[in-house]
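Q: Could you look at this predicted model? Sequence included:
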Amino acid sequence: MPDLLSHVLLAYSLAMIASWRYEWITQPYVTVAMAGAFIPDIAKGELLLPNARVEQLLGVPFSWFGLHTTGAVICSVLIGVLLVKATERVRVFVLLSLGATSHLIADAFLLKPTGQSYPLLWPLTRIYPPTPGLYLSTDVEPAIVLGAVALVVYGVTRKRRTSPN
């Protein structure tokens, strides 16, 4: 499962770096960003219920992949925002979006046999942008690199909080 771990480590690092600038990004908000990194992988529900089975149950065409696009991610983030107090909604929106966006962008760099990524900006456009093909989702190296980055960010954050200004 290096793929999901990589997404969470990336979201953690980005949120912690943002907390250096914005003091309101506390540990619970960093966790919100990490949860946002899970949103596009709701599409992995296909592993439990294949598309064909859902089509049979609903009686309409269905694909889990649509949940791994910008349009579905925005809808999911908005649902997540409705689950918190009104005073927290803007902050939760920003951090869920940060985590989900980092996931989508990281996936746009995956190695694909066609040399093209997925329709990242659907429903705005159906264009399949080219991908540099930096890694596979099964590669362990991105998780190791992002784990090291997260450790460095954690160390810097801890040092910043303990050192006198």
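A: Looks like it arrived, so ask away. Since this is a predicted model, take the numbers as computed values, not measurements.
Q: And the helices in this structure?
A: When assigned using DSSP state H, the helices of the chain occupy the ranges 2-21, 27-36, 51-58, 70-82, 89-108, 141-162.
Q: any idea of the mean pLDDT in the last one?
A: Looking back up the chat, that one is helix 141-162. Mean per-residue pLDDT for helix 141-162: 95.
Q: Repeat that for stretch 19-39.
A: Averaged over stretch 19-39, pLDDT sits at 97.
Q: list the contacts for Ala43?
A: 64-68 (Cβ atoms under 8 Å, 6 or more residues apart in numbering). C-beta: built from backbone N, CA, C; applies to glycine.
Q: Could you say which one of the helices of the chain comes nearest to Gln116?
A: helix 89-108 (10.1 Å; Cβ to Cβ).
Q: Okay, buried residues for that closest one please.
A: By 16 or more other Cβ atoms under 10 Å, the buried positions in helix 89-108 come out as 91-104, 106-108.
Q: who are the neighbours of that helix, in terms of helices and strands?
A: Under the contact criterion of 3 or more Cβ pairs under 8 Å, 6 or more residues apart in numbering; DSSP states H and E, helix 89-108 touches helix 2-21, helix 27-36, helix 70-82.
Q: What's the mean pLDDT across that helix?
A: Taken as a whole, helix 89-108 carries a mean pLDDT of 96.
Q: between it and helix 27-36, how big is the angle?
A: 40 degrees (axes from the mean of the first three to the mean of the last three Cα atoms, to 10 degrees).
Q: how far off helix 2-21 does helix 89-108 point, in degrees?
A: Interaxial angle, helix 89-108 versus helix 2-21 (the same axes, to 10 degrees): 140 degrees.
Q: Just give me the neighbour total for Ser6.
A: Ser6: 24 surrounding residues under other Cβ atoms under 10 Å.
Q: Which residues are in contact with it?
A: Counting by Cβ under 8 Å, 6+ apart, Ser6 touches 106, 142-143, 146.
Q: Against Asp107, how distant is the closest residue to Val77 other than its chain neighbours?
A: In this structure, Val77 finds its nearest non-sequential neighbour in Leu96, 4.6 Å apart by Cβ to Cβ, 6 or more residues apart in numbering. Distance of Leu96 to Asp107, computed by Cβ to Cβ, to the nearest Å: 17 Å.
Q: Check Cys75 too.
A: Relative to Asp107, Cys75 is positioned 18 Å away (Cβ to Cβ).
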